[in-house]
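A.B. asks: coords please:
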Amino acid sequence: MMNQKGGVGKTTTCTNLGAGLARMGKRVLMIDLDPQAHLSLSLGIDPDAIEKSMYDLLADPQTTADQVLQQVGDNARLTILPAEVNLAGIEAELADKVVTGAAQAVLKQKVASLVQGSAGSPAPDYILIDCPPSLGLLTVNALTLASEVIVPMQAHFLALQGMGKLFETIAMMKQGINPTLTVAGVVLCMHEGNTLLANEVINDVNSFLADARGTDAPWSNAVVYNPPIRRNIKLAESPSFGQSIFDYAPDCHGAKDYAKLAESVATQPVQK
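C.D. replies: Have a look, this model is predicted:
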């Protein structure tokens, strides 16, 4: 989940899409790469109460992914590699490895055992990564590991401009570190479908994606996911209770929208 603009619904989408896929019986691994640790908090993980976090995994060669991994509640199908505030210092910790390219692939190396699975712990069906609202080393690590990018955004003009810059970054990653990287699609968050601006932006996004069909652009097969996620106060309230929307308010519009979004993502072919 990537967008360099903050407050667009990225963490909310990561939280509830992951929970929605787990409700469908999928094994889902969540990776919190944001030093704010909002994904961890949204899933009921207290960053101050954990022994090891994403910071330890990336900074300490001796720390393994299994030592950081946490189960979310009583759902064995939903797990998370949680973050805490120290993760903000990881770029300084890895600075001496940037020139060799090792710093950009630390995450991919450290989670390889979880990605591949084992006899006692099957590989996840989905790995969802919540990136920070920046294009720094943490986001580069996410893009090195990922096969696909989902872009949560609001139907606002400035968000549309930012999407173009974001796609340029993804194209550069595809040309260099990760040749298989693609854009899976765009999720419209906090959506108000009755406004003229929203409809104009949606039309512009659809036109932009349509123009890329048949090209070698990473977004040539990207879609605008249905349904858009309607603005809903319950989605803003649920993180303070450490619950997904399905646990907090299962009958609200937000829960219905994210359940349908999970179905849309699950039926879309996954790029490997």
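A.B. asks: average pLDDT across the longest helix along the chain?
C.D. replies: Of all the elements of type helix in the chain, the one with the most residues (DSSP state H) is helix 157-175. Mean per-residue pLDDT for helix 157-175: 84.
A.B. asks: got a list of what I177 touches?
C.D. replies: Residues in contact with I177, defined by CB atoms under 8 Å, 6 or more residues apart in numbering, are 101, 104-105, 140, 143-144. In short, each C-beta sits where N, CA and C put it, glycine included.
A.B. asks: So it versus L39, what's the distance?
C.D. replies: According to CB to CB, to the nearest Å, I177 stands 24 Å off from L39.
A.B. asks: And for L87?
C.D. replies: Distance from L87 to L39, counting by CB to CB: 12 Å.
A.B. asks: Tell me which helix or strand comes right after the longest helix of the chain.
C.D. replies: strand 182-188 (DSSP states H and E).
A.B. asks: Following element in sequence after that next one, please.
C.D. replies: Toward the C-terminus from strand 182-188 - assigned by DSSP H and E - lies helix 196-211.
A.B. asks: Tell me the helix or strand right after that following helix.
C.D. replies: With DSSP H and E, the next secondary element past helix 196-211 is strand 223-224.
A.B. asks: Find out how far that following strand is from the centre of the chain, if you would.
C.D. replies: 16 Å (CA atoms, centre = their mean, to the nearest Å).
A.B. asks: do stretch 172-191 as well
C.D. replies: Per CA atoms, centre = their mean, the centroid offset for stretch 172-191 relative to its chain is 11 Å.
A.B. asks: Can you get me the start-to-end distance on it?
C.D. replies: In stretch 172-191, first residue to last residue: 30 Å (CA to CA, to the nearest Å).
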